[in-house]
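Trainee: Just to be clear, the model below is a prediction. Sequence and coordinates:
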Amino acid sequence: TGVVPFVALLLLQRRPVAGRALLVSGPGCPGHGLCRSNVQEQTRRQVALLNATAQDLFSLYLKCQGEPFSSETDKLCNPGSVFFPAFRVNRTSERKEVMVAMYKLFAFLNASLGNITRDQEELNPTAKELLDRLHNTTKTTRGLISNLTCLLCKNYNVFQVDVSYGESSKGKSAFKKKQQGCQVLRKYVQVIGQAARVLLPHLSP
């Protein structure tokens, strides 16, 4: 537990950890050099891309895990028991509130993708298409986090956010690792659609 600046958070995303940082506003935002000139449009495109590719990633993940995941998807991949950041904003929420909720969501997702990718590199090292999709999704998510960092700092002087990370699968059986990944990705499919519907109107030109 502690106050962790955005830049440190971006480094922490590289491994699945549990951590929290206090949401505060103040003079500590990094320079606006973090921002690209088209940061808002780029953020919109990144969210739209993640939304468009989420279901295909989940389907490919299922295919690569084999049985019983393919035939018992609803039972084994039920995300009800998996922690995911609460997402209580909607289209009428204040833009700042939406941006903070998005940061929490994608910080969690980025750590979870790192966890899933590590497990799949161990369990399915020859599943090149799946591993490429996971790496590409992670790359997009990291870029999105960077852009959200910029927007929060530049527009609202928010430079620290209370974040939570999912449970690590280290030490679990191969089956449990596959199941945890399946549950997280299924929840991701559900949440990213909602996130896109809420965020994209706030990023319209």
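Mentor: Perfect, thanks for sending it.

Trainee: residue boundaries of the helices in the chain?
Mentor: Counting by DSSP state H, the chain has helices at residues 6-12, 39-65, 73-76, 95-123, 128-156, 174-202.

Trainee: Low-confidence regions, this structure specifically.
Mentor: The chain contains residues with pLDDT under 70 at 1-34, 205.

Trainee: Show me the residue at the heart of it, geometrically.
Mentor: Nearest residue to the geometric centre of the chain (Cα atoms, centre = their mean): residue 109, 2.3 Å.

Trainee: what about that residue, distance to residue 204?
Mentor: Applying Cβ to Cβ, to the nearest Å, the value for residue 109 to residue 204 is 23 Å. Yep, even glycine has a C-beta here, placed from its N, CA and C like the rest.

Trainee: got it, and residue 40?
Mentor: With distances taken as Cβ to Cβ, residue 40 is found 9 Å from residue 204.

Trainee: now swap in residue 196 and tell me
Mentor: With Cβ to Cβ as the criterion, residue 196 and residue 204 are 12 Å apart.

Trainee: rewinding a little: more neighbours, residue 40 and residue 204?
Mentor: Between residue 40 and residue 204, counted using other Cβ atoms under 10 Å, the more crowded position is residue 40 (18 against 8).

Trainee: hang on, the more buried one packs against residue 200?
Mentor: No - with contact defined as Cβ atoms under 8 Å, residue 40 does not reach residue 200; the gap is 11.0 Å.

Trainee: so what's the residue lying closest to residue 130 once chain neighbours are set aside up against?
Mentor: Leaving aside its chain neighbours, residue 130 sits nearest to residue 64 (4.8 Å; criterion: Cβ to Cβ, 6 or more residues apart in numbering). Taking Cβ atoms under 8 Å, 6 or more residues apart in numbering, we find residue 64 in contact with 120, 124, 127, 130.

Trainee: so can I have a markdown table of the residues you listed showing neighbour count and distance to residue 162?
Mentor: Output for those, formatted as a markdown table (neighbours: other Cβ atoms under 10 Å; distance: Cβ to Cβ, whole Å):
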| residue | neighbour count | distance to residue 162 |
| --- | --- | --- |
| 120 | 21 | 29 |
| 124 | 16 | 34 |
| 127 | 18 | 35 |
| 130 | 20 | 32 |
